[in-house]
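K.L.:
Task: produce atomic coordinates for the following.
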Amino acid sequence: MRRILVVKPCCLGDALMATPVLRALRTAFPDAAIDVVVTRWAAPAFDGHPAIRRLIPYPEQATLPAIARLAQQLARERYDWGLGLDRSPRVALLLYLSRIPKRAGVNVAGRGILYTHRVRPRPSQHETELYLAVAEMLGVSPQGLEPEYAVPPDVRASVAARLGSVTRPLVVIHPGGAVNPGSTFLAKRWPPERFAALADRLHSEFSATIVLVGGSSDAEAVSGVLHAARSPLLDWSNRLTWSELAALLSLADLFVGNDSGIGHLAAAVGTATVSIFGPTSPLLYRPLGPRSLVCAPPASWTLHEARDLRRPFSIPDTLDIRNVTVNEVAQACAALLGAAGAPDVP
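P.N.:
Below you'll find the model as predicted:
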């Protein structure tokens with residue numbers, strides 16, 4: 001039996017963008033034992049994935065001693081292949097110290113020197129395409145670009161019962177995001193008053209039921225939308241587990257939000273998505289799916305290289321997310337709502 005180790009430490013959206021690699025590995029090797037090393041923060045993205053045998057915790061503080069300890073543990077598993085789906089040299093070091101004979105990963109500025117098979121990102125290459133290129137180095141063919149997340153049927157039924165009978169279309173809005181371990185980048189957030197104006201327009205023009213979602217770090221953004229909106233909104237923020245959020249998204253007709261993991265989760269459960277970008281690249285990070293649209297300043301589409309958001313940088317006016325208008329987002333929503341059918345409710 002082939003033993004395969006995939007390392008994808010962070011974050012939720014990035015982990016979901018890596019799920020097509022798991023699908024490709026499972027298709028190529030149905031009987032393989034596939035383990036994933038991931039931080040506690042990002043682990044929910046892989047919950048219940050049928051390709052995964054088990055999740056192994058990545059150190060929350062990836063110090064060299066912590067990497068060495070984990071590698072000692074992994075070496076006992078005698079993995080055949082290791083895939084590093086991250087630009088960090090510590091991921092490459094982990095796989096090297098784990099004594100895995102075939103190691104494929106991302107190589108940027110020499111950080112992947114410890115891999116036996118190296119992939120250099122191409123300009124404008126989507127992250128999912130980059131991760132699949134790593135798998136292709138080991139002879140694994142892609143099986144589509146769409147992310148995937150399996151909603152437990154009992155959770156979906158529970159959330160549907162909690163939702164009750166609502167007026168369609170059901171639109172889920174996430175006005176927050178941009179907070180991850182080691183990185184807070186609030187410039188990725190569209191202003192709350194614009195989300196409120198969008199909600200009012202969707203309610204007026206489509207009689208939509210609007211549900212706001214988010215975690216504790218999104219409280220200010222959610223509060224701002226509730227304060228500015230004139231239409232009735234359902235506030236479900238900070239009240240859902242990850243699987244319950246996925247269930248709600250699977251029941252929705254449309255999701256609208258910033259560049260965040262929840263947008264990728266919506267795409268992963270097959271829901272139509274409108275994602276609002278600004279200072280980050282939609283070329284590299286947009287949710288992939290047959291019904292995913294992006295609203296962004298024209299300059300955002302010229303960002304061809306990944307940027308480390310843990311390091312501060314100045315944002316030119318041309319990349320300001322406030323350049324995206326309510327009218328532009330409303331038109332994208334209308335285009336998708338016109339094509340969407342109501343999801344089946346158990």
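
K.L.:
For the rest of this, base every contact and every neighbour count on C-alpha atoms.
P.N.:
OK.

K.L.:
what about the nearest residue to residue 242 once chain neighbours are set aside, is that helix, strand or coil?
P.N.:
Among residues not flanking residue 242 along the chain, residue 44 sits closest, at 6.6 Å (C-alpha to C-alpha, 6 or more residues apart in numbering). Here residue 44 is helix, with the state taken from DSSP: H, G, I helix; E, B strand; the rest coil.

K.L.:
what's near enough to touch residue 44?
P.N.:
Residues in contact with residue 44 (C-alpha atoms under 8 Å, 6 or more residues apart in numbering) are 12, 242-243.

K.L.:
if we go to 10 Å?
P.N.:
Residues near residue 44 by C-alpha atoms under 10 Å, 6 or more residues apart in numbering: 12, 15-16, 38, 149, 241-243.

K.L.:
now do residue 39
P.N.:
7-12, 55-61, 181.

K.L.:
which among these gets closest to residue 164?
P.N.:
residue 12 (28.7 Å; C-alpha to C-alpha).

K.L.:
Please tell me how far that closest one sits from residue 261.
P.N.:
Going from residue 12 to residue 261 by C-alpha to C-alpha, to the nearest Å gives 5 Å.

K.L.:
joint contacts of these two?
P.N.:
With C-alpha under 10 Å, 6+ apart as the test, residue 12 and residue 261 both reach 42, 45, 180.

K.L.:
Name the member of those with the most neighbours.
P.N.:
residue 45 (30 neighbours; other C-alpha atoms under 10 Å).

K.L.:
what about that one, distance to residue 245?
P.N.:
As judged by C-alpha to C-alpha, residue 45 and residue 245 stand 12 Å apart.

K.L.:
same check, this time on residue 124
P.N.:
Residue 124 is 30 Å from residue 245, by C-alpha to C-alpha.

K.L.:
So these two - more neighbours on which side?
P.N.:
A direct count of neighbours by other C-alpha under 10 Å for residue 124 and residue 245 places residue 245 higher, at 24 against 17.

K.L.:
quick one: that one from residue 164, how far?
P.N.:
For residue 245, the distance to residue 164 (C-alpha to C-alpha) stands at 16 Å.

K.L.:
Would you map the helices across this structure?
P.N.:
Remark: helices assigned in the chain by DSSP state H are 12-17, 19-28, 64-75, 89-97, 127-136, 153-163, 192-206, 219-228, 242-251, 261-268, 282-285, 326-337.

K.L.:
so which of the ones you listed is the most packed in?
P.N.:
Most buried of those by mean neighbour count (mean count of other C-alpha atoms under 10 Å) is helix 261-268; its value is a mean of 28.

K.L.:
Show me the domain layout of the chain.
P.N.:
3-136, 153-337 (automatic domain parsing).

K.L.:
Compute the distance between residue 93 and residue 82, please.
P.N.:
11 Å.

K.L.:
Appreciated, that's everything.
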